[in-house]
Every structure is written in structure tokens, then in C-alpha cells.
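Asker: Sharing a sequence plus its predicted fold:
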Amino acid sequence: MRNNKPKYNQIIEAAVKVIAQNGYHGSQVSKIAKAAGVADGTIYLYFKNKEDVLVSVFEEKMGQFIDKIAQSTNQKQNAEEKLQTLIEMHFRQLSEDYYLAIVTQLELRQSNYELRLKINKVLKPYLVVIDNIVKEGVEQRLFRSDLNIPLARQMIFGTLDEVVTNWVMKEQKYDLLSQVPEVHVLLTGALSPGD
């Protein structure tokens, strides 16, 4: 498989940086190749075209991102703890890789419809993790029993996504992880059954 090859990984890492610095449309294959330290033609041994590079970046990075979040949340006992871990892991992973945060929050949004469909496919397992936390919260009676699961998922994902986008737009002027407790309180407040 291509992703077991060192040059493939070099290209993926270089692509994240080049796309973050130049934008997707300003990131020629030759720039990615130069940053990866490979010949232009080498890119085409692993990828069909620049779009395939972007989708592969997202598949690789989001695949790792989702795996880490799923592993961490599975170690927690209840849905509220799992939700807090999800928020923290989401913010931590993107705050630790600013270039990836720029790509996921800004560059992927400017892509064409077909590309967005491919990206949505990659995101599905993450949305399933969120759904499962919400369902578990309902079963544990920590969250309201009348929750619309897809709507609750959109609220959770949308909130995390917007907080990270704002952090990127403000050029990391504050600590993203410091937002975790407040975001957790807001989300659990919206999900909890109340008195």
C-alpha cells in the first residue's frame, strides 16, 4: 500500500504545509514535490493529481485524528466524560498542527462539490463517534431522552468546528485548549435533561 512508503508520507506532510501556506489553488504539484524533496514525477507515482493529494492528506490526517479520538473516548466511563475528551482531543490535535488546522478549516471549504463529497465520506466515522456519545448519554440519562441525534451531532461538530476556525482566523492569539471547559459546559448544558 502506498501509505506504507516513506516518500508517500513525506509528500503528505509537505502537502499540508504547502497548501496551508499557499492555499489549495496556489499549491502546484511542483511546490509540493520541492517541499517533499522529491521529483515532480514522483508525486504521480502515488497520486493521480493535486485533488487526489488533498483528499489523501485529509484521509491520512483525519484517519489518525479520528482513531486517536475514538481510542481516548472509549477509555472514559460515561458520555459526559467522553464528550469532554472528544472536545479536548479535537482542539489538541489541531492546535498541535497549525498547518493542518489551516487546511481543514479554510482550504477544504473552498474546494469543489465533488471534492467536498469525498471529504464528507472521510468525516463520517467521526460523526459516528459523536452519535454514539450522544446515544450513550441518552441511555445513561445524562442527556435528554427526546434528543434528535443528527441535530445534536450537528450542534456538537459545528461548535467545535467554529471554535477552531475562529482560532485559526485569529492566528492562534489565544490557547485553544483553554476553551475546552467552557465548550463542554455549553454543550452538556444544551444536552442535559435539566431539573
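Answerer: Nice, thanks for sending it over.

Asker: quick one: Tyr8 and Ile43 touch, right?
Answerer: No: look at Tyr8 against Ile43 with C-beta atoms under 8 Å: they stay out of range, at 10.0 Å. (C-beta placed from N, C-alpha, C; glycine too.)

Asker: Comparing the two, which residue is more hemmed in?
Answerer: Shown here are Tyr8 and Ile43; by other C-beta atoms under 10 Å, Ile43 has more neighbours (24 against 21).

Asker: hmm, who's touching the strand or helix carrying the more buried one?
Answerer: Here Ile43 sits within helix 40-46, counting by DSSP states H and E. Residues outside helix 40-46 that contact it (C-beta atoms under 8 Å, 6 or more residues apart in numbering) are 2, 5, 7-8, 11, 29-30, 32-33, 36, 53, 56.

Asker: Among those residues, name the buried ones.
Answerer: In the contacts of helix 40-46, burial by neighbour count holds for 8, 11, 29, 32-33, 36, 53, 56, counting by 16 or more other C-beta atoms under 10 Å.

Asker: List the ones among those that fall in helices.
Answerer: Those of these mapping onto helices are 8, 11, 29, 32-33, 36, 53, 56, per DSSP state H.

Asker: I'd like those residues as TSV, with distance to Tyr99 and pLDDT appended.
Answerer: Rendered in TSV, the data for those read as follows (distance: C-beta to C-beta, whole Å; pLDDT from 0 to 100):
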residue	distance to Tyr99	pLDDT
Tyr8	18	92
Ile11	14	95
Val29	18	93
Ile32	13	95
Ala33	17	95
Ala36	14	95
Val53	14	90
Ser56	15	90
